[in-house]
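S.K.: No letters, just coordinates:
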């Protein structure tokens, strides 16, 4: 039953929605340049797969590089903010403030500063992901069991040993939670950057298709974006599973119960 709910039911819901969509378009005789049926979108995916694959590869690079950049700076910053409360008080308002500015507002500036190449899109994706990484890592470090920390202190463990052997392993579920959210929404930063100025990528393809009233191609590009986001989320979930074998054991025990 659990397998049905987890795997089969979502597929059935998706097929049901697509079936209703297909029926509604034909029943109400909606023009395809307004809302194409799923069958038309599938045909477009097949006919334009080479172009979609080329632009998807560009967007994927921007997403991954932006995500890695956010993790490279976000996790160390969160550790420093935890270890030195003065830094937390100094930087935390700016971490929050970085998310209050609409991404559309800074996208033109990044293009002006970094050019129309991949750098501006990578930076945009990194800004989108950065907040989730820092906040979740910081919350994870703060959630460490104090009794475990006190035990290590009694055993004369150094501050570095407590951080590396207790706090970071304890924070891993929070870090991966932020990473899964971040890598999924990195599509937003990459596409917005491509909308502002680019010569390739799914965002660029969507603008081109929209200007030529190729709505089915716009939907095909959206499908590719969704596929990239879901695939990267699944990959991050797999990494989480193998990075924390103790959590996998706990989940197996819960399934048995």
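M.R.: Done, it's in. In this text, all values refer to a predicted model and were calculated from it rather than measured experimentally. Numbering: from 1, shown residues only.

S.K.: Quick one: list the elements packing against the helix or strand where residue 58 lies.
M.R.: Here residue 58 sits within helix 49-83, counting by DSSP states H and E. When contacts are defined as 3 or more Cβ pairs under 8 Å, 6 or more residues apart in numbering; DSSP states H and E, helix 49-83 packs onto helix 85-100, helix 118-142, helix 168-196, helix 202-211, helix 215-243. Placement of C-beta: from N, CA and C, glycine included.

S.K.: tell me the average confidence for the shortest one?
M.R.: Here the mean pLDDT over helix 202-211 is 95, rounded to a whole number.

S.K.: Other residues contacting that helix?
M.R.: By Cβ atoms under 8 Å, 6 or more residues apart in numbering, the surrounding residues in contact with helix 202-211 are 51-52, 55-56, 58-59, 190-195, 198, 215, 217-218, 221-222, 224-225.

S.K.: make it 6 Å
M.R.: With Cβ atoms under 6 Å, 6 or more residues apart in numbering as the test, helix 202-211 has contacts from 55, 59, 191, 194, 195, 198, 217, 218, 221, 224, 225.

S.K.: Out of those, give me the one that has the most neighbours.
M.R.: Greatest neighbour count in the contacts of helix 202-211, by other Cβ atoms under 10 Å, goes to residue 221: 30 neighbours.

S.K.: residues contacting that one?
M.R.: Taking Cβ under 6 Å, 6+ apart as the test, what residue 221 contacts is 202, 205, 206.

S.K.: I'd like the distance between it and residue 45.
M.R.: As defined by Cβ to Cβ, to the nearest Å, residue 221 lies at a distance of 10 Å from residue 45.

S.K.: on that earlier part again, got the buried residues for the helix holding residue 58?
M.R.: 52, 55-56, 58-60, 62-67, 69-71, 74-75, 77-79, 81-82 (16 or more other Cβ atoms under 10 Å).

S.K.: swap in stretch 182-196?
M.R.: In stretch 182-196, counting by 16+ other Cβ under 10 Å, buried: 182-194, 196.

S.K.: same check, this time on stretch 195-213
M.R.: Under 16+ other Cβ under 10 Å, the buried positions of stretch 195-213 are 196, 197, 198, 200, 201, 202, 203, 204, 205, 206, 207, 209.

S.K.: Check stretch 224-232 too.
M.R.: 224, 225, 228, 229, 232.

S.K.: any idea which of the residues you listed is the one closest to residue 106?
M.R.: For the buried residues of stretch 224-232, the minimum distance to residue 106 (Cβ to Cβ) is 20.9 Å, reached by residue 225.

S.K.: give me every residue that touches that closest one.
M.R.: Per Cβ under 6 Å, 6+ apart, neighbours of residue 225: 187, 202.

S.K.: Next one: residue 99 from residue 229, what distance?
M.R.: Taking Cβ to Cβ, one finds residue 99 at 19 Å from residue 229.

S.K.: any idea how far residue 39 is from residue 23?
M.R.: 11 Å.

S.K.: neighbour-wise, which of these two wins?
M.R.: Neighbour count, other Cβ under 10 Å: between residue 23 and residue 39, residue 39 has more, with 14 against 11.

S.K.: Skipping adjacent residues, who's closest to the more buried one in space?
M.R.: By the measure of Cβ to Cβ, 6 or more residues apart in numbering, the closest residue to residue 39 outside its immediate chain neighbours is residue 22, 6.2 Å from it.

S.K.: Per-residue pLDDT of the one you found, please?
M.R.: Note on residue 22: pLDDT of 96.
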